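> below is the sequence, then the predicted model.
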Amino acid sequence: MIKADLINKLAKEMRIARQEAETGVNLFFDILKEALLRGEEIELRGFGSFRFRKRSSRSGRNPRTGEPVNVPPKKVLYFKPSKLLKEMINK
């Protein structure tokens, strides 16, 4: 499913104009993005959570030249599905 499919499904299920559904979906994603950019974790009960993991710095290797490279520390965003969603998927 892509964003357009989500918008069409929402418009059909709620019996609203496609433009209204698109506005709602875009607003939802904008709010999620803003919260993540502020470093907040997001929890959607019954669906899952978006959280950050910290990766420490490490030494790596340039695959082309084989030279050692220092990889700086960074935050990585990951999604953890809820227990309910996992159960529904594995039925």
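Received the coordinates, thanks. Residues are numbered from 1 along each chain as shown.

> give me the element residue 66 is part of.
Residue 66 is part of no helix or strand, with elements assigned from DSSP states H and E.

> could you pull up phi and psi at it?
phi 80, psi 0 (degrees, to the nearest 10).

> distance check, it against residue 10.
Per Cβ to Cβ, to the nearest Å, residue 66 is found 51 Å from residue 10. C-betas here are computed from N, CA, C, even on glycine.

> out of those two, which sits in the busier spot?
residue 10 (17 against 7; other Cβ atoms under 10 Å).

> can I get the helix or strand hosting that one in PDB, CA atoms only?
Element membership for residue 10, per DSSP H and E: helix 3-14. This file holds the C-alpha atoms of helix 3-14, laid out as PDB (Å, rounded to 0.1, in the frame of the first residue of the first chain):
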ATOM      1  CA  LYS A   3       0.200   6.800   0.400                       C
ATOM      2  CA  ALA A   4      -2.300   7.300  -2.400                       C
ATOM      3  CA  ASP A   5      -3.900   4.000  -1.600                       C
ATOM      4  CA  LEU A   6      -4.200   5.000   2.000                       C
ATOM      5  CA  ILE A   7      -5.800   8.400   1.000                       C
ATOM      6  CA  ASN A   8      -8.300   6.700  -1.300                       C
ATOM      7  CA  LYS A   9      -9.200   4.000   1.300                       C
ATOM      8  CA  LEU A  10      -9.700   6.700   4.000                       C
ATOM      9  CA  ALA A  11     -11.900   8.800   1.700                       C
ATOM     10  CA  LYS A  12     -14.000   5.800   0.800                       C
ATOM     11  CA  GLU A  13     -14.400   4.500   4.400                       C
ATOM     12  CA  MET A  14     -15.200   7.900   5.900                       C
END
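
> now do the buried residues in whichever helix or strand comes after that helix.
Downstream of helix 3-14, the next assigned helix or strand under DSSP H and E is helix 18-37. Buried residues in helix 18-37, counted by 16 or more other Cβ atoms under 10 Å: 21, 22, 25.
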